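*Asks:* Here's a sequence, model it:
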Amino acid sequence: MVPLSLAHGPSTNDGVVASGFTHDPNGAVIAAVNVLTRSSGLAGDETVFGPAIARQTTGDVSGYLASIRGVRAALEQRGGAPATVVVGYRLVEVGVDDVRMDVLSRATNPARPSQHALITGTARVRWLDGDWRLVVPTGAGRQVDQVPPGFAPMPGQQLTSAG
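*Replies:* Sure thing, here's the model as predicted:
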């Protein structure tokens with residue numbers, strides 16, 4: 001589940017890769033969440049994360065792909081990926097072509113759907129070749145008990161504590 005905006009994008013979605021985000025902070029946030037979700041290994045197998053990583057990330061792309069392959073294999077051994085939705089964001093640094101933000105996700109345990117966890121992490125996107133690209137993440141998120149201050153909800157989401 002990823003955010004969409006008629007005003008900020010994506011303007012193109014081929015079913016795997018979504019692109020065509022506006023060159024502004026709102027477009028950057030929506031692009032970051034779309035690419036993070038698709039490239040994380042949590043939204044599907046390599047037919048989903050492979051193209052997202054290859055076409056929409058910058059930095060150590062081959063290292064990121066190898067890492068996500070490992071994550072995906074571990075998840076399959078444990079019975080599947082948690083259902084994860086980005087519910088909020090907080091802008092940290094905003095430049096014309098470079099935006100860094102914190103994201104807040106809610107992960108639901110697939111074996112026990114009533115169990116949720118809140119995870120925060122940092123995302124950075126750069127404007128390259130006419131669209132936003134995710135800078136390959138270098139750290140893992142961390143679990144939090146409640147919504148940290150300063151987060152805004154993603155469209156259609158509510159900021160509530162984990163249950």
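*Asks:* what pLDDT does the most centrally placed residue in the chain get?
*Replies:* Ranked by distance to the mean C-alpha position of the chain (C-alpha atoms, centre = their mean), the top residue is L36 at 2.6 Å. L36 carries a pLDDT score of 93 in this model.
*Asks:* That one is in contact with V135, isn't it?
*Replies:* No: here L36 lies out of contact with V135, judged by C-beta atoms under 8 Å, at a distance of 10.8 Å. The way it works is simple: take the backbone N, C-alpha and C, and place the C-beta from them, glycine included.
*Asks:* longest single helix anywhere in this structure?
*Replies:* Selection of the longest helix in the chain by residue count, based on DSSP state H, yields helix 61-77.
*Asks:* Keeping just the C-alphas, turn the following helix or strand past that helix into PDB.
*Replies:* Moving toward the C-terminus from helix 61-77, the first helix or strand encountered (DSSP states H and E) is strand 83-94. Coordinates of each C-alpha in strand 83-94 appear next as PDB, following Å, rounded to 0.1, in the frame of the first residue of the first chain:
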ATOM      1  CA  ALA A  83       2.300  -6.400   6.300                       C
ATOM      2  CA  THR A  84       4.000  -3.000   6.500                       C
ATOM      3  CA  VAL A  85       2.400   0.400   5.700                       C
ATOM      4  CA  VAL A  86       4.200   3.800   5.900                       C
ATOM      5  CA  VAL A  87       1.800   5.900   8.100                       C
ATOM      6  CA  GLY A  88       3.800   9.100   8.700                       C
ATOM      7  CA  TYR A  89       6.800  11.200   7.800                       C
ATOM      8  CA  ARG A  90       8.800  14.100   9.100                       C
ATOM      9  CA  LEU A  91      11.000  16.200   6.900                       C
ATOM     10  CA  VAL A  92      14.500  16.600   8.200                       C
ATOM     11  CA  GLU A  93      16.400  18.400   5.400                       C
ATOM     12  CA  VAL A  94      14.900  19.900   2.300                       C
END
